[in-house]
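Q: Predicted model and sequence follow; I will ask about them next.
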Amino acid sequence: MIGTAQALVAPGKGILAADESTPTMAKRLAAIGMESTEPRRRAYRELLFTAPGIGEFISGVILFDETIRQRTTDGVPFPEVLRRQGVIPGIKVDAGTTPLAAFPGEVVTAGLDGLRERLGEYASMGARFAKWRAVIHLGEGRPTTACVEANAHALARYAALVQEAGLVPIVEPEVLMDGAHSLERCAVVTVEVLRAVYEQLARHRVVLEASLLKPNMVLPGQDSPVRAGDDEIAEATVMALREVVPAAVPGIVFLSGGQSDEEATARLDAINRMPAQPWELSFSFGRALQAPVLRAWRGDDANTVAAQAALLHRAALNGAARRASYRPELEKVAVEPPATS
Ligand code: 13P
């Protein structure tokens with residue numbers, strides 16, 4: 001497990017989150033004017049996973065329950081296709097959020113019931129890591145202590161079960177960027193949430209060396225009138241993490257959370273320009289990796305090669321950000337597929 005956690009944050013690589021639930025995938029496909037059907041979702045995921053040379057910049061892919069069971073047109077199971085690309089297959093195991101009783105506007109993540117059995121099945125299908133996302137809304141009087149504690153407790157119980165099954169847990173507490181809050185307020189809440197999470201992980205005997213953290217970057221709310229520069233965001237993010245994330249954690253893989261693809265990359269680059277930290281600072285992007293792919297594909301097979309090139313390009317730029325060598329000028333430079341493809 002420790003080796004898997006380290007491989008997921010290997011230099012120059014990061015994780016592709018392709019674990020959109022069926023309703024979320026329907027939204028993504030609707031945005032390019034497509035109806036979401038099982039064959040279309042399968043075709044789209046096949047495009048992602050068979051992109052030539054994807055293993056150069058992508059260490060792992062997070063799958064959804066439907067996706068881990070699907071196969072390529074040639075009949076190869078998706079986890080096997082990823083393995084052949086040198087990519088580690090992972091699986092989202094939470095069951096989404098549900099309203100927290102007695103706390104209007106707050107949610108807790110479901111999915112602990114039957115998790116041990118599901119993990120056994122996913123492991124037998126080739127999954128080597130798992131993901132569980134907790135969602136924290138920031139607003140007037142929110143988050144409450146009850147909400148933070150309920151979510152931290154569920155994350156710890158999930159992580160312990162995942163390690164019991166021999167997989168690496170990605171622990172994802174996301175403080176949403178919805179709202180008009182300041183960067184400072186996001187920093188305070190992010191620290192509070194991470195503190196509660198690491199307390200619970202310790203209490204539940206989770207081995208930190210065999211886990212990864214997937215947090216939000218520290219950002220002003222998207223409706224905040226005050227914008228923040230990339231360096232300011234990088235500094236606030238690293239300072240918040242340093243306060244609470246133990247050095248035993250091998251890597252921190254940021255979610256993109258609604259930032260544009262270029263913003264997410266530029267900020268990851270700024271984070272990696274800061275003085276060296278105890279953990280690898282990498283990415284586990286969903287939208288920030290897939291938005292350009294969907295734009296290029298638009299549901300048309302004739303665009304498959306262009307869409308795969310868009311994925312490779314975005315992944316390469318994020319790989320560059322890991323080495324603090326991203327430049328906005330690189331956005332315009334075509335990336336040659338690696339010769340090994
Ligand atoms: P985004 O990068 O689109 O936020 O998705 C990452 C993810 O896995 C959210 O759970």
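A: That came through, no problem.
Q: alpha carbons only for contacts and neighbour counts from here, please
A: Noted.
Q: Now tell me what touches whichever helix or strand residue 60 is part of from outside.
A: Residue 60 belongs to strand 58-63 when assigned by DSSP states H and E. For strand 58-63, the surrounding residues in contact (CA atoms under 8 Å, 6 or more residues apart in numbering) are 7-10, 13-20, 82, 86-92, 130-131, 315.
Q: Return the list of strands paired to that strand, each annotated with direction.
A: In the sheet containing strand 58-63, the strands it pairs with under DSSP bridges are strand 14-17 (parallel), strand 88-92 (parallel).
Q: Can you name the element that comes right after it?
A: Following strand 58-63 in sequence order, the next helix or strand is helix 65-68 (DSSP H and E).
Q: Pull out the C-alpha coordinates of that following helix and format them as CSV.
A: Included here for helix 65-68 are C-alpha records, laid out as CSV according to Å, rounded to 0.1, in the frame of the first residue of the first chain:
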residue,chain,number,x,y,z
ASP,A,65,-18.9,1.7,-10.1
GLU,A,66,-20.4,1.5,-13.6
THR,A,67,-17.0,2.3,-15.2
ILE,A,68,-14.9,-0.3,-13.4
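Q: Say whether the ligand is contacted by it.
A: No - Helix 65-68 is not in contact with the ligand by CA under 6 Å from any ligand atom; minimum separation 13.9 Å.
Q: got a list of contacts for the helix or strand that that helix is followed by?
A: Following helix 65-68 in sequence order, the next helix or strand is helix 78-84 (DSSP H and E). Defining contact as CA under 8 Å, 6+ apart, one finds that helix 78-84 is touched by 46, 49-50, 61, 67-72, 88-89, 125-127.
Q: repeat that with 6 Å
A: Among residues not part of helix 78-84, those counted as contacts by CA atoms under 6 Å, 6 or more residues apart in numbering are 71, 89.
Q: Could I have the CA atoms of it written out in CSV?
A: Below are the C-alpha coordinates for helix 78-84, written out as CSV (Å, rounded to 0.1, in the frame of the first residue of the first chain):
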residue,chain,number,x,y,z
PHE,A,78,-11.1,-0.9,-18.2
PRO,A,79,-8.9,-1.7,-15.2
GLU,A,80,-6.8,-3.9,-17.5
VAL,A,81,-6.6,-1.2,-20.2
LEU,A,82,-5.3,1.2,-17.6
ARG,A,83,-2.7,-1.3,-16.2
ARG,A,84,-1.4,-1.8,-19.8
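Q: Mean confidence (pLDDT) on that helix, please.
A: Helix 78-84 shows a mean pLDDT of 98.
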